[in-house]
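Enquirer: No letters, just coordinates:
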């Protein structure tokens, strides 16, 4: 690709300054709109306006769509009404809707005024669907025919109106009473006998969604059924819009980023990272850090409560971070599996019991393996003197004085205490790590929403309580 | 959808047992292949074989593609050579390749033998591309024409060969010496004058990739450029394959799950969650839990080294988990941002300096806000007696004996110690959290690979060292 993208900001600006229309037209014909738009975001509003006039609506429509929201705003503000009318009416209704939703009120109403009556009707419809529903991402520009329309008549109509539709690869078919029936692929249409009715070549294994369906669920239908376009029906089973694969792909990426953010304790943001200010960026980070710090109070309370025990057996403190990390990491694995599995529809609420049992079994295996290893490792730490029990300072294999029953007993008790606590923490973590996202999903909440922070807090509390309880069993002098 | 999917396992099995071909044919015509395949996975090999014979190759091709790898294996094992020849040659080469890669050697060679010479050639080509490259996910079934071919001749050829191509919506154009030139969209072709050469209606703003390009980068091109199909070129710029949007969507989901797994310290798995055994599942969890437990040794060493300090001021231990969590969470946010941002191409290595500076600034802001809050919160904890400094046991607002300069001094020192350590930890975490994934990316490694575990370990060490150093400054009696 690199050799094709010879166009850079400098050559683009030079062509605009010297009003070199030929170069601009050639650039717009040979460079993808998104690449042009990334350069366009660096131009001044005046340069952009000249560009739009020089290029004409056919080439500039996609270019405008791909500009950043900031550039769109600057441009709409600086444009004359006449230019704005031309620009807005060359755009698909769903793209204009997305832009309007982010515009300040005065600019939004300028855009609405600039829209043709027909476009304005579509905009009003689309603006009324709730965010994150199928209705909010669908387009109203599609091709729909009655089932008894003949192939040749459909083709003639597509030739006439095809340019205005978001996709001509899928054609939608309805019955006399406007109820949605099925789809016809463009290639099936082209290769069919001209006098066949659409009903004879229509796909009947067709999937569809409702306007109020969640956009994430809908985007997963594209992946499951390898769709190019999906019909969106209203409550009367009438086709009111169509979602195309490019919009579904954007939703998949957006929803994936949202889950990713939540799993790392951040507020999701719809703006691209590079356009976030320092404060925007910090604002995404601060809330959960503060909440987790407050929830950390529970660990402080527990440790502070047991501080006499720690003072008399300080080596206990040395294993607390490792133990808490182990529980948190183990639960985090399961939460991650649940959030991703639910998002990709690898399983649903019906399999909750099966999933929970799977995780419990896996937790017992992971817990056993890790605990066995941990016991040996913690023994090694004490015998080599890497971690020192102050009651036995200077006792280690290098000094050769560690082969006493007393040292073995004390070391083994510590190692067993941490290993046993780790086993319990790991197994419980798998259960808590499954229950939190599955529970959220059952309550129609985003499974990722509270899962990770709550998991950390619950596991920290549980691990510490287990640890100190077992410690008092093993070391009666503490009790 | 639910009302359409009346077909369930019971009715399917009944139709097979009673050899009710009509019902089976109707079911296959009105139900999406993936829904049928999920039922098919529950059938016995004998039932599946009957089903394939009853349905015929046209309807069963997609059905086979969507079956689970286990079902494919069982089926191929049980099939006669004759049935296998018919099945395999009805499949696109890229699907057969994917299946072969997972089959045991004896079954893989049966499949290769069953393939027609032409399909076998394609299979051999595809099997030679390295995993996770564009070559490994492309199909060799596409439509390619010379630039001087006329529209009417291209249409005639598509009518003849279109059924064998993976996509007819994008047609690929080459020059006399077989070099790739551009694409023609099916609708442009259909609506063009019959005697126009393809070169006149071809898209020239075309993007493409090379066989050795990473599949993740390639899948992101589909999102960026809203593609339906992408040309794959060899080193001589000749078209050797095509990637279609449905395969790109699968790659996006797979790569997203891989990053998700790595961010939660798991080994990625290509198998769906529900088909993993307990041991498979545990095997994905154990390695990083063990590695992190071993790396946790550093925290044990540091705490054990300072245990005398803890014994004489045990309240210090109470804030260790909160401090370590704060550093780890803060760094985890940044690592998550980097991994996701690099995956979605929101930024690349060229912007590394800018990104690092952005995170540093954000870290300073987050650190300041959190530290200010933390100071107040930790003061509150001590004044209310939630967390008790044993030197001042029983001193709190409920007993009214906390308004002494001595208690204020001791409490403020503790609160300031933790808050200051948190500030340093948060700021450093943003830097470490950026550097690890950006560094991995610069070394052509997966940014998510080691980022999360190393981050936790580095931050735990740094936070503890900062904490104990500042503690000795604030409490000279400890030094």
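Expert: Received it, and whenever you're ready, just let me know what you need. In this text, all values refer to a predicted model and were calculated from it rather than measured experimentally.
Enquirer: C-alpha only now, for contacts and for neighbours.
Expert: OK.
Enquirer: can you pull out the strands in chain A?
Expert: Under the criterion DSSP state E, chain A contains strands at A:144-146, A:170-174, A:180-185, A:208-210, A:229-233, A:239-244.
Enquirer: what mean pLDDT does the second one have?
Expert: To tie it back to what came earlier, the one meant is strand A:170-174. Mean pLDDT, strand A:170-174: 93.
Enquirer: and if you look at the fourth one?
Expert: Averaged across strand A:208-210, the pLDDT comes to 95.
Enquirer: Also the third one?
Expert: Average pLDDT, strand A:180-185: 92.
Enquirer: Say whether chain B is contacted by it.
Expert: No: Strand A:180-185 stays clear of chain B (C-alpha under 8 Å from any C-alpha of the partner chain), getting no nearer than 10.0 Å.
Enquirer: what's next to that strand, contact-wise?
Expert: A:147, A:169-175, A:198, A:201-206, A:233, A:237-239 (C-alpha atoms under 8 Å, 6 or more residues apart in numbering or on different chains).
Enquirer: CSV for the strands of chain A, including mean neighbour count and distance to residue A:253?
Expert: Compiled in CSV, the strands of chain A are given as follows (neighbours: other C-alpha atoms under 10 Å in any protein chain shown; distance: least, C-alpha to C-alpha, whole Å):
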stretch, mean neighbour count, distance to residue A:253
strand A:144-146, 20, 29
strand A:170-174, 23, 24
strand A:180-185, 22, 27
strand A:208-210, 21, 20
strand A:229-233, 25, 17
strand A:239-244, 24, 15
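Enquirer: ok, the nearest residue to residue A:372 once chain neighbours are set aside - contacts?
Expert: Spatial nearest neighbour of residue A:372, excluding adjacent residues (C-alpha to C-alpha, 6 or more residues apart in numbering or on different chains): residue A:419 at 7.1 Å. Residues near residue A:419 by C-alpha under 8 Å, 6+ apart: A:370-372, A:374-375.
Enquirer: Residue numbers of the stretch 51-200 of chain A in contact with chain B?
Expert: The stretch 51-200 of chain A comes close to chain B at residues A:159, A:168-169, A:187, A:191, as judged by C-alpha under 8 Å from any C-alpha.
Enquirer: Kindly write the ChimeraX command that selects the buried subset of those residues.
Expert: The following ChimeraX line selects those of those that are buried, judged by 16 or more other C-alpha atoms under 10 Å in any protein chain shown:
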select /A:159,168,169,187
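Enquirer: which one of the residues of the stretch 51-200 of chain A next to chain B sits closest to residue B:120?
Expert: Each of those was checked against residue B:120 using C-alpha to C-alpha; the closest is residue A:187, at 27.8 Å.
Enquirer: right, and the closest one touches residue B:168 too?
Expert: Yes: contact between residue A:187 and residue B:168 holds when scored by C-alpha atoms under 8 Å: they sit 7.3 Å apart.
Enquirer: mean confidence for stretch A:280-297?
Expert: Stretch A:280-297 comes out at a mean pLDDT of 93.
Enquirer: do stretch A:403-410 as well
Expert: Across stretch A:403-410, the average pLDDT comes to 92.
Enquirer: what about stretch A:256-270, distance to the chain center?
Expert: Chain-centre distance of stretch A:256-270: 7 Å, with C-alpha atoms, centre = their mean, to the nearest Å.
Enquirer: now do stretch A:411-427
Expert: How far stretch A:411-427 lies from its chain's middle: 37 Å, per C-alpha atoms, centre = their mean.
Enquirer: Could you count how many residues lie near the residue in the stretch 151-300 of chain A that chain B sits nearest to?
Expert: Nearest to chain B in the stretch 151-300 of chain A, going by C-alpha to the nearest C-alpha, is residue A:205, at a distance of 3.9 Å. A count of nearby residues for residue A:205, using other C-alpha atoms under 10 Å in any protein chain shown, gives 16.
Enquirer: Isn't it up against residue B:34?
Expert: No: if you go by C-alpha under 8 Å, residue A:205 and residue B:34 don't touch, sitting 11.0 Å apart.
Enquirer: any idea how far residue A:156 is from residue A:479?
Expert: As for residue A:479, its distance to residue A:156 is 89 Å (criterion: C-alpha to C-alpha, to the nearest Å).
Enquirer: Ok, residue A:136 next?
Expert: As judged by C-alpha to C-alpha, residue A:136 and residue A:156 stand 31 Å apart.
Enquirer: The two: who's more crowded?
Expert: More crowded of residue A:136 and residue A:156, by other C-alpha under 10 Å: residue A:136, with 24 against 12.
Enquirer: quick one on the thing from earlier: adding distance to residue A:470, write the strands of chain A out as JSON lines.
Expert: Formatted as JSON lines, the strands of chain A follow (distance: least, C-alpha to C-alpha, whole Å):
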{"stretch": "strand A:144-146", "distance to residue A:470": "70"}
{"stretch": "strand A:170-174", "distance to residue A:470": "65"}
{"stretch": "strand A:180-185", "distance to residue A:470": "65"}
{"stretch": "strand A:208-210", "distance to residue A:470": "54"}
{"stretch": "strand A:229-233", "distance to residue A:470": "58"}
{"stretch": "strand A:239-244", "distance to residue A:470": "58"}
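Enquirer: out of those strands, which comes closest to residue B:335?
Expert: The closest of those to residue B:335 is strand A:239-244. By C-alpha to C-alpha, the value is 32.5 Å.
Enquirer: Pull the number of nearby residues for the residue nearest to residue A:383 when sequence neighbours are not counted.
Expert: Of all residues not flanking residue A:383 in the chain, residue A:396 sits nearest, at 5.0 Å (C-alpha to C-alpha, 6+ apart). The criterion is other C-alpha under 10 Å. On that basis, residue A:396 has 20 neighbouring residues.
Enquirer: same thing with residue A:13?
Expert: Residue A:13: 20 neighbours (other C-alpha under 10 Å).
Enquirer: which one is residue A:420 nearest to, not counting chain neighbours?
Expert: residue A:371 (6.5 Å).
Enquirer: same question but for residue A:159, I mixed them up
Expert: Per C-alpha to C-alpha, 6+ apart, closest to residue A:159 is residue B:191, 6.5 Å.
Enquirer: now residue A:252
Expert: In space, residue A:252 comes closest to residue A:219 once its chain neighbours are excluded; the distance is 6.1 Å by C-alpha to C-alpha, 6+ apart.
Enquirer: Contact partners for the one you found?
Expert: A:248-249, A:251-252.
Enquirer: With residue A:429 instead?
Expert: The contact partners of residue A:429, by C-alpha under 8 Å, 6+ apart, come to A:327-328, A:330-331, A:334, A:363, A:455, A:459.
Enquirer: what two of those residues are the furthest from one another?
Expert: Maximum pairwise distance among the contacts of residue A:429 (C-alpha to C-alpha): 15.2 Å, between A:363 and A:455.
Enquirer: who's more crowded, the two?
Expert: Just comparing residue A:363 and residue A:455: by other C-alpha under 10 Å the higher neighbour count belongs to residue A:363, 29 against 25.
Enquirer: And that one, how far from residue B:407?
Expert: 46 Å.
Enquirer: If we ignore the residues flanking it in sequence, what's nearest the residue in the stretch 1-150 of chain A that chain B sits nearest to?
Expert: Residue nearest to chain B within the stretch 1-150 of chain A: residue A:30 (3.9 Å; C-alpha to the nearest C-alpha). Leaving aside its sequence neighbours, residue A:30 sits nearest to residue B:205 (C-alpha to C-alpha, 6+ apart; 3.9 Å).
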